[in-house]
Structures are given as structure tokens and as C-alpha cells.
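> Give me coordinates for this.
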Amino acid sequence: MELRQLRYFLSAVEHKSLGRAALELGIGTSALSQQISKLESELSTRLLSRTSTGVVLTSAGIAFQHHAQLTLRQAENAIQAAQRGRMSGYVSVGLPPTTASVLALPLIEAMRQRYPDIQLHLVEMLSGYLANQLNARQLDLAILFQADTGKRWNVQPLLDEKLFVIAPPSLAGAPLGKSVRLAELGRLPLVLPNPQHGLRSTLMATFERFGIEPNIVMEVDGLALLMETVRAGYAATIQPGAAAARSGETGLVVAQIEDSDVARRNLLVTLSDDELSPAALAARVVILDVARSLVRQGRWPGARLHEADESGEAESL
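Reported below is the predicted structural model:
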């Protein structure tokens, strides 16, 4: 039995609907139903009766509800007691620029609230360089867009971001609407980061899969300079929602690439658990919590939590 299963059960009871509970929890209805079914299977009894209008408690569910609420309260008290223990230490976290623009400040705030005695060191640079620093043990954790299977890393898929074309309105071939197909971008002049960048690797693999040769006229590695190049009218670029949300305020054309499989996956990558300090292990939990919260609150534009993220599972490479 898992605490999240208790939370899922109580949410379904509160909303009297699996669909509404799933929406509140930020997960799929099928995933919610599956977890409640696992809980019922473990208890060998039905807790909820599914009806055409929602769900209602069975007699066993009524008896179970109070104890589930008490268990969650006790777990929350245990968490708060542990946090009051004032864990201290040092942790270094690497964030790519677009990710940092969404995640950095909420992460700083959450770390200060939960672990004020942990010294947080944030490093902002392109994902390819972050991978090198992680491998050199200069970082404890990093958000990357691809992971080297040859490294002894702990990798957890975090979320997927929709990609957007950002272009000056005067540029020939700039999208005319709020969405665009990848097949329409073959002749559009693009400015992108160099091939070491995770976004560039993702885009090249996607273009190749669609049989498209992109028209890359310039490479710029810094996000600020890259966006200035776009604003100056030299080329368009392709960026995730975090960058696109800000660009829409500056008079640039922003169009979502509507192909369903065009997205950038964010991976939370850390050194292996036996190399991480208690401070780094705590920071990893906070990063996961903050990212999930930002997505569910709609504060991470174009992002969707990775399905496996709800299981809390990670894989070691």
C-alpha cells in the first residue's frame, strides 16, 4: 500500500468522480483508476462503486476512509518533523536556460522553505555542457534533454514540452496562425544552438524522422543572444513553451508545432544514489515536487508531466 494510493482514493471520494479527481491530481483518469484498483486488490475488497454519474463509497470504503485520512495526516506530521531537523549541506544543480526561466526561482523558494540550511548552487548553461559537468562530478543533479547510457547516472523522465516556432512577423515563411505543421518548416530560415545542445539534437532527430532537411542559417548558443537574433529579423527559431510564452509579449509570431510526437523531454539526471549526499537527495525530491506543481498549476507553458513520473520510478544508467 502506498501513500499516493490513499491520496488518490480520498480525492476520488471528495470529488465523487474519477475524472474530476484525476484533473485535480494532474494525472490521467486511467492511471488513477489503475492505482485505486491496485489498492482494492491488495485489500481484497471494493472501496468504491463505479456508476454512470461517478463513484460512491462502499461499506468497506466508508470504514477505510477515516483510517486513510489519519494515515496521511501522520505521514505529513512525520515529514514536517524530519524537515524541522534542519538538514544542512551543499548541493549543486544544473539547469538549461529555458528550464531555468521557469524552474529556478520556484526551486530556490521551495529549498529555502524546506531546507534553509542547505546551500544551493545553481548553474545555468546549455544541456550538453551540463552533462559534461555532471560526469566530471562538478554537479550533483541536472535537468538534461538526453542521457548518455554509458554513464552511471540515475535518470528520471520528468516532463514533455511542446515546441513552438518563434519568428519575426516580417520573415518570409513565418507561420500565419497559432499552429504549424513540421512539414511546413523545411524552407524557413532557422537559428538554433549548436549540435551539442539537447534541443538541437531533439530537433534534428525529429526532422530526420519526418524526412525534412531544416534550413539552419545560423548557430547561436546563448538563449538571450539567440532571441535577439530572432527579434532583429534574421531568422526564426524553435523553442519550448517557456521561451515562447515570453516571446509572445514582444511582438514575435509564436506558433505551436501541432504534430503530436514533436516535443522535448526533460530528464532529471543525478549521480548514482550512493554518490549523492543527503542534501542532494533532498534537493532531488524538491525538484520533482516543484516541477509537478508548476505543470499542474499551468505555470510551465506547453508542459505535460511524463506518464512514468507519476509512479515516482527512476532508472539507473
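> quick one: buried residues of stretch 261-279?
Val262, Ala263, Arg264, Arg265, Asn266, Leu267, Leu268, Val269, Thr270, Leu271, Leu276, Ala279 (16 or more other C-beta atoms under 10 Å). Using the backbone N, CA and C atoms, a C-beta is placed for each residue, glycine as well.
> hang on, isn't the fourth one packed against Leu144?
This points to Arg265. No - at 9.4 Å, Arg265 does not count as touching Leu144 under the criterion of C-beta atoms under 8 Å.
> Check Gly241 and give its pLDDT.
Note on Gly241: pLDDT of 80.
> try Leu18
Reported pLDDT for Leu18: 90.
> Now do it against Thr71, distance only.
When distance is defined by C-beta to C-beta, to the nearest Å, Leu18 is 21 Å away from Thr71.
> out of these two, which sits in the more crowded spot?
Neighbours per residue (other C-beta atoms under 10 Å) separate Leu18 from Thr71, with Leu18 holding more: 20 against 13.
> check contacts around that one.
Ala12, Thr29, Leu32, Ser33, Ile36, Arg50, Gly54, Val55 (C-beta atoms under 8 Å, 6 or more residues apart in numbering).
> Now find how far off-centre stretch 26-34 is within its chain.
18 Å (C-alpha atoms, centre = their mean, to the nearest Å).
> Any buried residues in that stretch, and which?
Ile27, Leu32, Ser33.
> Next: stretch 195-212.
Buried-residue list, stretch 195-212, by 16+ other C-beta under 10 Å: His197, Gly198, Leu199, Arg200, Ser201, Thr202, Leu203, Thr206, Phe207.
> Repeat that for stretch 105-122.
Applying 16+ other C-beta under 10 Å to stretch 105-122 flags Pro106, Leu107, Ala110, Met111, Arg114, Tyr115, Ile118, Leu120 as buried.
> can you tell me how far the third one sits from Ala282?
Separation of Ala110 from Ala282 (C-beta to C-beta) stands at 11 Å.
> And the strands in the stretch 201-317 of the chain?
215-219, 237-240, 253-257, 263-271, 303-305, 315-316 (DSSP state E, counting those that start in this stretch).
> for the longest one, packing partners?
The helices and strands touching strand 263-271, judged by 3 or more C-beta pairs under 8 Å, 6 or more residues apart in numbering; DSSP states H and E, are helix 127-135, strand 141-144, strand 153-167, helix 198-209, helix 278-296.
> Output those as CSV; include the columns mean pLDDT.
CSV is the format used below for those (pLDDT from 0 to 100):
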stretch, mean pLDDT
helix 127-135, 85
strand 141-144, 94
strand 153-167, 90
helix 198-209, 87
helix 278-296, 93
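> mind putting those in CSV, distance to Val230 included?
Listed next are the helices and strands packed on strand 263-271 as CSV, based on distance: least, C-beta to C-beta, whole Å:
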stretch, distance to Val230
helix 127-135, 20
strand 141-144, 23
strand 153-167, 6
helix 198-209, 14
helix 278-296, 25
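> any weak-confidence spans in the stretch 51-200 of the chain?
Applying pLDDT under 70 to the stretch 51-200 of the chain flags residues 81-86, 148-151.
> Strands along that one, start to end?
54-57, 89-95, 118-124, 141-144, 153-167, 179-180, 189-192.
> how close does the residue at minimal distance from the centre of the chain sit to Gln80?
In the chain, the residue lying closest to the centroid (C-alpha atoms, centre = their mean) is Leu159, at 3.1 Å. According to C-beta to C-beta, Leu159 stands 27 Å off from Gln80.
> Noted, bye for now.
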